[in-house]
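1. model this:
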Amino acid sequence: MNVERTKKITKFAVTSAMVVNALAAPVAVFAAEETIAPDAVQAAIKELMEKSIMVGGPNGELNLEGKLTRVQVAAIIARSLNLETPEIPTSKFSDVSSDNWGLKYIYALEKVGIMIGSNGAFRPNAILKKEELAAILVRITQTNITGKGTDLPISDSNEISDWAKAYVHAAIDAKLLTVTDGKFAPQNQVERKDVAVLTAGFIKEEKFEQYKESINTLLEEGKKISNSDPTV
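-> This next block holds a predicted model:
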């Protein structure tokens with residue numbers, strides 16, 4: 001890693017206390033820590049770049065304060081799970097062209113049911129929201145959503161999209177994501193540094209290989225994740 005890139009990482013590592021806000025819980029769960037050390041962001045980025053899970057821009061910029069689009073998140077997830085895709089996948093979404101750089105990742109995640117889009121569109125360039133992250137985590141871990149979605153233990157449940165309520169409820173109950181001052185902030189946009197720390201912790205979690213194996217098996221068999229009954 002060159003000196004300039006190290007300076008950029010260090011700059012954001014100094015502000016890593018910000019990471020313990022909306023997305024702190026997954027780190028606590030997956031990394032088995034209640035707080036994030038000052039160098040957590042730096043260590044997470046270094047590890048993910050070495051594993052080619054997260055990459056910088058064309059000029060090596062990290063843009064950790066930037067937001068993450070849905071296609072960027074799809075790439076991070078698919079690389080983390082090492083999902084196999086056809087050399088030339090086809091797109092079923094009206095807004096994802098055949099030459100989209102992230103098509104193979106979108107294809108794999110849609111096929112297994114981790115990110116599915118809506119009304120024939122994937123919205124690849126839309127910024128991922130916290131409620132969407134909740135759904136992704138619940139699907140990857142195959143956390144049961146049966147009976148979830150009503151009487152949520154938060155004061156801003158009215159801000160959650162109807163489709164996401166069961167997933168948010170399940171994510172909160174499973175401690176995949178936390179509630180801050182009684183609020184979940186479902187419409188908050190996800191930042192790169194938060195996902196970096198989350199992902200680095202997630203791949204170390206003792207059940208990660210189990211999740212990875214299960215999802216790859218479903219992909220190979222052409223099946224989708226079932227969250228109503230994780231045993232199916």
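
2. please identify which helix or strand holds the residue nearest the centre of the chain.
-> Nearest residue to the geometric centre of the chain (Cα atoms, centre = their mean): residue 133, 5.3 Å. Using DSSP states H and E, residue 133 falls within helix 130-141.

3. repeat for residue 166
-> Assigned by DSSP H and E, residue 166 falls in helix 165-173.

4. in that helix, which residues are buried?
-> The neighbour-count check on helix 165-173 (16 or more other Cβ atoms under 10 Å) flags 165, 166, 167, 168, 169, 170, 171, 172 as buried. Heads up, the C-betas are built off the backbone N, CA and C, glycines and all.

5. between those residues, which sits nearest residue 193?
-> Nearest to residue 193, judged by Cβ to Cβ, of these is residue 171 at 20.0 Å.

6. show me the helices in the protein, by range?
-> 3-14, 24-30, 40-50, 70-81, 103-112, 130-141, 165-173, 192-202, 208-221 (DSSP state H).

7. any idea which of the ones you listed gets closest to residue 181?
-> The nearest among the helices of the chain, by Cβ to Cβ, is helix 24-30 at 13.0 Å.

8. pLDDT on that closest one, on average?
-> Helix 24-30 shows an average pLDDT of 38 in the prediction.

9. equivalent analysis for stretch 102-118, please.
-> The model assigns stretch 102-118 a mean pLDDT of 95.

10. repeat that for stretch 212-226.
-> Rounded mean pLDDT across stretch 212-226 is 93.

11. that older thread, would you list the buried residues of helix 165-173 in JSON lines and tack on pLDDT and distance to residue 189?
-> Listed next are the buried residues of helix 165-173 as JSON lines, based on pLDDT from 0 to 100; distance: Cβ to Cβ, whole Å:
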{"residue": "165", "pLDDT": "96", "distance to residue 189": "19"}
{"residue": "166", "pLDDT": "96", "distance to residue 189": "22"}
{"residue": "167", "pLDDT": "96", "distance to residue 189": "17"}
{"residue": "168", "pLDDT": "97", "distance to residue 189": "16"}
{"residue": "169", "pLDDT": "96", "distance to residue 189": "21"}
{"residue": "170", "pLDDT": "95", "distance to residue 189": "21"}
{"residue": "171", "pLDDT": "94", "distance to residue 189": "17"}
{"residue": "172", "pLDDT": "95", "distance to residue 189": "19"}
